[in-house]
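> I would like to see how this sequence folds:
(chains A, B and C)
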Amino acid sequence: MSGPAKARPATQPVAITANDLADGRVVWLAADGGWTRNLAAARIFAPEEAAHALAQGQAAERARRVVGAYAVEVELLAGVPRPLRFRERLRATGPSVDAIPRPALPIAV
Amino acid sequence: MDQHAAIPPHARTYRYDAVDRDFLAARIAEFRDQVQRRLAGELTEDEFKPLRLMNGLYLQLHAYMLRVAIPYGVLDSRQLRQLAFIARRFDRGFGHFTTRQNIQFNWTKLEDAPDMLAALAEVDMHAIQTSGNCIRNVTTDEFAGAAADELVDPRVYAEILRQWSTLHPEFSYLPRKFKIAITGAPHDRVAAKVHDIGVIAKRNAEGAIGFEVWVGGGLGRTPVVGTLIHDFVPEAELLAYLEAVLRVYNVLGQRDNIYKARIKILVRDLGDEFRDLVEAEFAAMPRGRYRLDPEVVQAIAAHFAPPAFATLVDDPPALRRARAEDRRFAAWCATSTHPHRTPGYASVVISLKPIGGIPGDASAEQMEAVADLADRFSFGEIRVSHVQNLVLPHVRQEDLPALHAALDAHGLATPNVGLVTDIIACPGMDYCALATARSIPVAQRISERFADLDRQLDIGTLHVNISGCINACGHHHVGHIGLLGVDKRGEEVYQITLGGSATNDAAIGELIGPAFSYDAVVDAVETLVRTYVAHRTQGELFKDTYRRIGPAPFKEALYAPA
Amino acid sequence: MPLLEQGRLVADAFVAIADDARLPDGAPALVSLARLQAEATALLARNAQLGVLLPNDTDPSALAPFLHRLSLVALRFPKHRDGRAFTQARALREHHGFAGEIRATGHVLPDQHAFLLRCGFSTVEVAESADLAAWQRGLHAIPIAYQPAVAGDATPLGLLRRHVAVG
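As a prediction, this is how the structure comes out:
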């Protein structure tokens, strides 16, 4: 099993991620304390802030807004965060395969 | 939802009665209440998780995923249309058929899940026991009730086992999940020997029905071929005997280590003593209480009575003509039809493995098209196979050209069933939270590499199975060529096993050597196929060539310095 | 702790006695299996009801020599997911014909209430803080069963069950 990164002290900058409670989509803790679906808009914490940052995410979990908050180590490429682990890059960008995407229909009558 | 007409009158599927429907309605009302309490903040995730899992709702990488049980892989057209409706209304317009004959919706929203379950209940379907340490959906032969080689119709007993295992009071908190497969044909198409219990129905010299019981097979972290513990359990004792097996497991299976909790570990550790314990329990239990009466079997069997087949002849002239005129149609007939027991009929496999496609995925339009074709050509019946294809079980051979043309119009006539591009693949890291690597794009690239039909036909039957983690949902251990994606320092690499088999000669593939990178793995498969083709004898399958010549030639081809 | 029988609160006549404690005179006592085995003669000679707590990794046949004198067998769920006691209860009823009280103790959930009774439990010990209404609902949430129950036919019959001869 892969799963979220193991709980060990961060040595790289981190972003805090989780899944949205209502629809399950991947979300990132933003600078304003809210959650964004866009990693580029996520707040990046220094490694020594990681524990404090995660506590913020977990508080949101207790407030029933998100599920499964954890810290993801990232590197900054020209200021844009990119997760170090492949799994987290995939979470950030969505499936790598083109899966006949189409919008859901309006509510049926 | 008017489009969901009555059950197709000819379809031989198990019909719910008012009692079954009341039960489902009660379950959905209960879950709707639980979801509302979760969204309102009255339940924590720790409290809610076991409740949603009991209703088949997982939280995956990008969204919730709803796993819907398709009992023993049997659907009628009305049910398939409803799955299409759910895919379109609540998902992104497609669904994924799994190796356990289930369907998964990958883009489920928590708030929609109760409505999805309600839509399923409208057509007598549900997601109960698709998760948790209970007896999961019983699987069977996709050609059940149709195959020429069938001795006993396994649907009857699969349905009996479905009822017996539904909310079983004693076996809902087992050490670990529990999977049962049953077949009634001498050719094992259900991978019976790699299930927790594999049941093989047969007849004795007097014509009475009984069952071989294989126990303790499985894949995952500890792959193992099952052990035969009874050669002929009489029909009346089937439930009693399985109760005895489950009781021994429930009491003695390991509960302190999730990786050692499956029955295969217990069977391995106890050896012959396992059978002795089962026999002792079986001998001591009040068998009258667990007796499977012939009248029950008859009542269930009535649901599966053969449809009204016409009197026809095999291989009619129109079919022969069509084959002669159209090479592609002939290839499709050769790969995608299976011998039917009734003259003039065939079972048709609909490949869900288009070149470059996602194995097992079907769009809502395709599901509706298949439902329509089932009504037109196959008494309204559809099956899901454990290799992630669909089957129309009862098609007139004279209708094959028309069916082929109709399937082709929907991208459903890829003539590759059983060939190298008919790949089994789990969702892998593109969707699954447990995965350590991707499966789907590897399958797609292999499929594109071998796209040429002539080459595929020349290679012949070859099973490539891909799993994105050690849990082995892609059955990689039993592929002729198996790929297992693992995480190596944050990147994907693929281990290769060779010589596996899921059928009568079930075998666990052997690891050939160091893993290959995502970029190199398709070339590695190509090398293996070339090596096989160079060494095989006439008609010899990959696994048999591998067993005959051993790993050395394959190893050399893969790893020798260029 | 509160004790439920068919969802109703009932008085618990038994007192759990530690292994090193003196037995009360003439009062129903619940003892460990170890103590029962060590002091069988004295315990069985008492003129009061006797109960035993059977560990969930012990085969109920360990109780066979004593069952005729036992009024209560308490089975324990260390956590609700550990389902061994369901099979122990079945075995006590089916293999040993035990007709006395079988009590579920430890971590059990209201959702398991009906399953407990169908497997042969007669009572459930619940936490002081338990929501008794939830335990009532748990008993009746699922209106059907597809399997034969140890407890007999008090519960509604399932499809298969409708046809199965009662053993």
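
> which residue is the nearest non-sequential neighbour of C:Ala64?
Distances taken as Cβ to Cβ, 6 or more residues apart in numbering or on different chains place C:His96 nearest to C:Ala64, at 6.3 Å, with adjacent residues excluded. For every residue, glycine as well, the C-beta is placed using N, CA and C.

> I meant C:Lys79, not that one.
Leaving aside its chain neighbours, C:Lys79 sits nearest to C:His107 (4.8 Å; criterion: Cβ to Cβ, 6+ apart).

> so what's that neighbour up against?
Applying Cβ atoms under 8 Å, 6 or more residues apart in numbering or on different chains, we find C:His107 in contact with C:77-80.

> next: B:Val417.
Contacts for B:Val417 (Cβ under 8 Å, 6+ apart) come out as B:335-336, B:349, B:351, B:389.

> closest to chain A among these?
Nearest to chain A among those, counting by Cβ to the nearest Cβ, is B:Ser351 at 16.4 Å.

> what about the helices in chain C?
C:33-38, C:40-45, C:84-94, C:113-118, C:132-140, C:159-163 (DSSP state H).

> other residues contacting the longest one?
Applying Cβ under 8 Å, 6+ apart, the external contacts of helix C:84-94 come out as B:169-171, B:173, B:247, B:250-251, B:255, B:284-286, B:289, C:54, C:56-57, C:59-61, C:63, C:67, C:73, C:75-77, C:98, C:102, C:104, C:115-116, C:119-121, C:150.

> at 6 Å what do you get?
For helix C:84-94, the surrounding residues in contact (Cβ atoms under 6 Å, 6 or more residues apart in numbering or on different chains) are B:170, B:247, B:250-251, B:285-286, C:56, C:60, C:73, C:75, C:77, C:98, C:102, C:119-121, C:150.

> what mean pLDDT does it get?
Per-region confidence: helix C:84-94 scores 97 on mean pLDDT.

> then stretch B:534-550?
Here stretch B:534-550 scores 98 as its mean pLDDT.

> start and end of it, how far apart?
Across stretch B:534-550, the terminal residues are separated by 14 Å (Cα to Cα, to the nearest Å).

> buried stuff in that stretch?
Residues B:535-536, B:541-546 are the ones in stretch B:534-550 that count as buried (16 or more other Cβ atoms under 10 Å in any protein chain shown).

> could the residues you listed go into a markdown table alongside secondary structure and distance to chain A?
Formatted as a markdown table, the buried residues of stretch B:534-550 follow (DSSP: H, G, I helix; E, B strand; the rest coil; distance: Cβ to the nearest Cβ, whole Å):
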| residue | secondary structure | distance to chain A |
| --- | --- | --- |
| B:His535 | helix | 34 |
| B:Arg536 | coil | 33 |
| B:Leu541 | coil | 30 |
| B:Phe542 | helix | 27 |
| B:Lys543 | helix | 29 |
| B:Asp544 | helix | 33 |
| B:Thr545 | helix | 32 |
| B:Tyr546 | helix | 30 |
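
> so which of those is the closest to chain C?
Once Cβ to the nearest Cβ is applied, the member of the buried residues of stretch B:534-550 that ends up nearest chain C is B:Lys543, at 38.8 Å.

> and the helices in the stretch 201-350 of chain B?
Ranges of helices in the stretch 201-350 of chain B, per DSSP state H, counting those that start in this stretch, are B:238-252, B:263-270, B:272-284, B:287-290, B:294-302, B:317-325, B:327-336.

> report all helices and strands that the fourth one contacts.
When you say that, I think you mean helix B:287-290. Contacts defined by 3 or more Cβ pairs under 6 Å, 6 or more residues apart in numbering or on different chains; DSSP states H and E place helix B:287-290 against helix B:238-252.

> quick check, A:Val67 in a strand?
Yes - counting by DSSP: H, G, I helix; E, B strand; the rest coil, A:Val67 is part of a strand.

> let me know the secondary structure of the closest residue to it other than its chain neighbours.
Leaving aside its chain neighbours, A:Val67 sits nearest to A:Asn19 (4.8 Å; criterion: Cβ to Cβ, 6+ apart). For A:Asn19, the assignment made with three-state DSSP gives strand.

> what strands line up against the strand or helix carrying B:Asn465, and which way round?
Element membership for B:Asn465 (DSSP states H and E) is strand B:464-467. With DSSP bridges as the test, strand B:464-467 is paired with strand B:424-425 (parallel), strand B:481-488 (parallel).

> kindly reformat the ones you listed as JSON lines containing mean neighbour count.
What follows is the strands paired with strand B:464-467, written out as JSON lines (neighbours: other Cβ atoms under 10 Å in any protein chain shown):
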{"stretch": "strand B:424-425", "mean neighbour count": "30"}
{"stretch": "strand B:481-488", "mean neighbour count": "24"}
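
> could these be laid out in CSV, adding mean pLDDT and distance to B:Pro514?
Listed next are those as CSV, based on pLDDT from 0 to 100; distance: least, Cβ to Cβ, whole Å:
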stretch, mean pLDDT, distance to B:Pro514
strand B:424-425, 98, 22
strand B:481-488, 97, 10
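
> for B:Arg155, the count of nearby residues, please.
When neighbours are counted by other Cβ atoms under 10 Å in any protein chain shown, B:Arg155 registers 27.

> is it true that it lies in a strand?
No - B:Arg155: not assigned to a strand; according to three-state DSSP it is helix.

> spit out the contact partners of the residue of chain C found nearest chain A.
Chain A sits closest to C:Arg81 of chain C, with a gap of 18.8 Å, by Cβ to the nearest Cβ. Contact analysis of C:Arg81 by Cβ under 6 Å, 6+ apart lists B:Tyr173.

> ok, now how distant is it from B:Ile358?
Distance of C:Arg81 to B:Ile358, given as Cβ to Cβ, to the nearest Å: 35 Å.

> ok, now A:Ala59?
Distance, A:Ala59 to B:Ile358, by Cβ to Cβ: 38 Å.

> more neighbours, the two?
Between A:Ala59 and B:Ile358, B:Ile358 has the larger neighbour count (other Cβ under 10 Å), namely 26 against 12.

> could you check the pLDDT of the more buried one?
B:Ile358 is given a pLDDT of 95.

> the nearest residue to it once chain neighbours are set aside: neighbour count?
Once flanking residues are discounted, B:Ile358 sits nearest to B:Ile440: 5.2 Å by Cβ to Cβ, 6+ apart. By other Cβ under 10 Å, 28 other residues sit near B:Ile440.

> so what's B:Ile440 up against?
B:Ile440 makes contact with A:97, B:358, B:425, B:428, B:430 under the criterion Cβ under 6 Å, 6+ apart.

> one step back: who wins for most neighbours among the contacts of C:His107?
C:Phe77 (22 neighbours).
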